[in-house]
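1. below is the structure, and that's it, no one-letter string:
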Ligand SMILES: NC(=O)c1ccc[n+]([C@@H]2O[C@H](COP(=O)([O-])OP(=O)(O)OC[C@H]3O[C@@H](n4cnc5c(N)ncnc54)[C@H](O)[C@@H]3O)[C@@H](O)[C@H]2O)c1
């Protein structure tokens with residue numbers, strides 16, 4: 001009896017679900033670079049999946065990718081369009097391309113009636129995000145966006161804290177983070193060139209910290225934004241891991257924004273790939289009853305950078321409660337892929353829906369446009 005009472009307070013973890021492997025979903029991979037590795041490793045663990053095709057613009061890259069993972073009998077193509085034309089049996093694709101081709105690959109796949117797991121950030125501009133949502137609506141297919149930190153137990157705790165009313169009404173959020181030096185060029189320049197990355201730190205890691213807080217507060221609509229962005233580190237060979245890459249740098253390495261959200265909440269955001277300080281600040285959620293501090297991480301890895309602290313009054317005494325760091329059982333990428341496959345099989349809504357992430361993209365787009373114009377702007381999101 002005592003055991004069952006205690007069980008009620010135990011943290012709920014996903015229990016091993018039984019997967020029906022009698023029908024295999026036919027999967028294709030679009031873009032076989034760095035992150036496609038994580039996707040394929042997760043798909044290979046799923047008993048109800050058959051990888052049938054892959055595409056990459058670089059000749060030989062898709063073949064080498066499948067060979068490296070020991071996958072045989074996969075048809076490879078030199079573009080996503082060629083793959084979609086020749087593979088009518090595809091049930092789903094992972095879009096693992098650089099940011100600038102997220103929209104075209106996703107829209108073309110949805111138009112062919114193929115379900116899509118799209119890597120973050122959703123895309124580059126708000127216009128693209130609108131077109132993606134329209135294609136999704138027309139197709140009736142599942143589109144899930146690849147924010148795997150959503151499956152981290154600490155991220156879920158942030159949302160539970162807000163939803164439980166522990167913080168009271170939220171009125172102000174400071175969020176963001178970044179790296180003292182961390183412009184991502186481990187495998188070339190696709191993150192830093194305008195033609196491939198499109199946006200820099202704001203899209204790469206900024207989208208995560210926006211998702212962390214916006215998901216916790218139920219993704220209110222963004223209304224206005226005053227934004228700033230710059231590229232002082234990326235353009236300076238002294239700060240680049242490969243000095244010759246400085247010439248190719250065409251995106252932001254730091255961005256900040258002051259965003260007004262529906263419901264009277266203000267979001268104060270900043271993100272850096274590089275800076276002369278260890279962090280631009282922790283994430284702090286201000287509520288009328290309590291506040292939550294979420295320590296920033298050195299590098300966005302999908303969890304918290306230390307114990308979260310709840311600031312509240314207990315019988316009139318100002319109190320700080322250190323929350324334990326929760327363990328997440330399982331691999332975040334496996335959970336992201338599994339939740340996508342389950343939505344397809346069960347006909348349930350996308351686990352990380354575009355209806356939320358379009359607001360994330362709208363803020364990114366708004367910061368970039370406001371920064372270019374040099375003044376605050378209104379965020380106008382057309383009907384889907
Ligand atoms: N979720 C995560 O933790 C995580 C981590 C790293 C990167 N990412 C995201 O994944 C995406 C890819 O990053 P990456 O590091 O793998 O990039 P990458 O440059 O290593 O790989 C992208 C590949 O896509 C191919 N490609 C582009 N357009 C194509 C098209 N139309 N058809 C076929 N192939 C195409 C390119 O040739 C390239 O090989 C980025 O948007 C990035 O933000 C997510």
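-> Received the coordinates, thanks. This one's a predicted model, so the numbers in the text were calculated from it and none came from an experiment.
2. Three-state assignment for residue 313, please.
-> strand (DSSP: H, G, I helix; E, B strand; the rest coil).
3. how close does it get to residue 357?
-> Separation of residue 313 from residue 357 (CB to CB, to the nearest Å): 36 Å. Every residue, glycine included, has its C-beta placed from N, CA and C.
4. and the two? Which one has more around it.
-> residue 357 (30 against 10; other CB atoms under 10 Å).
5. element containing the more buried one, please.
-> helix 354-373 (DSSP states H and E).
6. in that helix, what's buried?
-> 354, 356-368, 370-371 (16 or more other CB atoms under 10 Å).
7. OK, contacts around the residue in the chain that the ligand sits nearest to?
-> The minimum distance from the chain to the ligand, using CB to the nearest ligand atom, falls at residue 33 (2.0 Å). Counting by CB atoms under 8 Å, 6 or more residues apart in numbering, residue 33 makes contact with 56, 61, 96, 97, 98, 187, 190.
8. correct me, but the third one touches residue 36?
-> Yes. With contacts defined as CB atoms under 8 Å, residue 96 counts as touching residue 36 at a distance of 4.1 Å.
9. now do the shared contacts for the two.
-> With CB under 8 Å, 6+ apart, residue 96 and residue 36 have common neighbours residue 29.
10. returning to that earlier point: and the contacts of residue 33, which are buried?
-> So, by 16+ other CB under 10 Å, the buried ones in the contacts of residue 33 are 56, 61, 96, 97, 98, 190.
11. residue 280: what secondary structure?
-> Under three-state DSSP, residue 280 comes out as coil.
12. tell me what the helix or strand hosting residue 320 is packed against?
-> In the assignment (DSSP H and E), residue 320 maps to strand 317-322. If contacts are counted by 3 or more CB pairs under 8 Å, 6 or more residues apart in numbering; DSSP states H and E, strand 317-322 sits against strand 309-314.
13. hey, what's the angle from the strand it packs on to strand 317-322? Just curious.
-> Orientation check (axes from the mean of the first three to the mean of the last three CA atoms, to 10 degrees): strand 309-314 against strand 317-322 gives 150 degrees.
14. buried residues, strand 309-314. List them.
-> 309, 310, 311, 312.
15. could I get those residues as TSV with distance to residue 122 and pLDDT?
-> Output for those, formatted as TSV (distance: CB to CB, whole Å; pLDDT from 0 to 100):
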residue	distance to residue 122	pLDDT
309	31	98
310	31	98
311	33	98
312	35	98
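16. state the pair within those residues that is farthest apart.
-> Farthest pair in those (CB to CB) is 309 and 312. Separation: 10.1 Å.
17. joint contacts of these two?
-> residue 321.
18. and stretch 299-311, which residues are buried?
-> Going by 16+ other CB under 10 Å, stretch 299-311 has these buried residues: 300, 302, 303, 304, 305, 308, 309, 310, 311.
19. so what's the last one closest to, chain neighbours aside?
-> Distances taken as CB to CB, 6 or more residues apart in numbering place residue 291 nearest to residue 311, at 4.5 Å, with adjacent residues excluded.
20. for burial, what's the neighbour tally of the one you found?
-> With other CB under 10 Å as criterion, residue 291 counts 19.
21. name the element it belongs to?
-> Going by DSSP H and E, residue 291 is in strand 290-294.
22. list the neighbouring strands of that strand plus their orientation.
-> strand 283-287 (antiparallel), strand 309-314 (antiparallel) (DSSP bridges).
23. mind giving me TSV with these and columns for distance to the ligand?
-> Formatted as TSV, the strands paired with strand 290-294 follow (distance: least, CB to the nearest ligand atom, whole Å):
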stretch	distance to the ligand
strand 283-287	19
strand 309-314	26
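24. who wins for proximity to residue 237 among those?
-> strand 283-287 (32.5 Å).
25. so what touches that closest one?
-> Outside of strand 283-287, the residues within contact range by CB under 8 Å, 6+ apart are 158, 162, 166-177, 209, 212-213, 216-217, 291-294, 296.
26. just those: which are in strands?
-> Judged by DSSP state E, the contacts of strand 283-287 include 170, 171, 172, 173, 174, 175, 176, 177, 291, 292, 293, 294 as members of strands.
27. dump those residues to TSV, plus distance to the ligand and pLDDT.
-> Shown next, in TSV, are those (distance: CB to the nearest ligand atom, whole Å; pLDDT from 0 to 100):
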residue	distance to the ligand	pLDDT
170	27	98
171	31	98
172	28	98
173	23	98
174	24	97
175	18	95
176	17	93
177	15	91
291	29	98
292	24	98
293	24	98
294	19	97
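28. now for those: which two are most distant?
-> Spanning the widest gap among the ones in strands among the contacts of strand 283-287 are 171 and 177, at 21.3 Å by CB to CB.
29. comparing those two, which residue is more hemmed in?
-> When neighbours are counted by other CB under 10 Å, residue 171 and residue 177 differ, and residue 177 comes out ahead with 26 against 14.
30. ok so, going back, elements contacting the helix holding residue 357?
-> Using 3+ CB pairs under 8 Å, 6+ apart: helix 354-373 touches helix 126-139, strand 143-146, helix 201-204, helix 206-216, strand 222-230, strand 254-261, strand 265-272, strand 377-378.
31. out of these, which comes closest to residue 118?
-> The nearest among those, by CB to CB, is strand 143-146 at 5.3 Å.
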